[in-house]
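Visitor: I'll drop the sequence and a predicted model, then ask my questions.
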Amino acid sequence: MIVAFSVAPNSSSDDGSVHDAVAAAVRVVRDSGLPNRTSSMFTELEGEWDEVMDVVKRATEAVAAHGTRVSLVLKADIRPGRTGELDGKVERLESALRRAEAD
């Protein structure tokens, strides 16, 4: 499964920045050893249900240390038996775009 999630505290500084809290969450994700990718808005994580949800939980707990309230947005692509989809989905998309440009 692939999970895209975003987790942030209500606010961790006077200017509304949450980068320290988000960095704590991303550290948990990267330390998990699961395939992952972080963009400006979401972190994507790939693995089995229990291991992915454990990482999301621990990342959320890491953010909770930076505020009194946490917001979690999560989207999951659950496709049993598939691995390597974090990159595979993007590669298939790019291939389809190249084919469309060639037509």
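Guide: Right, received. Where do you want to start? Model, not experiment: these values are computed from the prediction. Numbering: from 1, shown residues only.
Visitor: mean confidence score for stretch 18-32?
Guide: Taken as a whole, stretch 18-32 has an average pLDDT of 95.
Visitor: cool, and stretch 45-56?
Guide: Computed over stretch 45-56, the average pLDDT equals 97.
Visitor: centroid residue for the protein?
Guide: Thr43 (2.3 Å; C-alpha atoms, centre = their mean).
Visitor: Leaving out the residues flanking it, which one is nearest to that residue?
Guide: Val29 (5.6 Å; C-beta to C-beta, 6 or more residues apart in numbering). Every C-beta, even on glycine, is put in place using the N, C-alpha and C of the backbone.
Visitor: OK, contacts around Arg82?
Guide: Counting by C-beta atoms under 8 Å, 6 or more residues apart in numbering, Arg82 touches Gly88.
Visitor: can you rerun that using 10 Å?
Guide: Arg82 makes contact with 1-2, 46, 88-89, according to C-beta atoms under 10 Å, 6 or more residues apart in numbering.
Visitor: Which of the residues you listed fall in strands?
Guide: Judged by DSSP state E, the subset of these located in strands is 2, 46.
Visitor: between the contacts of Arg82, which is closest to Ala76?
Guide: Relative to Ala76, the closest of the contacts of Arg82 is Met1; by C-beta to C-beta it sits at 5.8 Å.
Visitor: Could you pull up the residues touching the closest one?
Guide: 45-49, 51-53, 76-80, 82-83, 85 are the contacts of Met1 under C-beta under 10 Å, 6+ apart.
Visitor: if I pick the residue nearest to Thr43, what's in contact with it?
Guide: Per C-beta under 10 Å, 6+ apart, neighbours of Val29: 5, 7, 36-38, 43-45, 52, 55-56, 58-59, 62.
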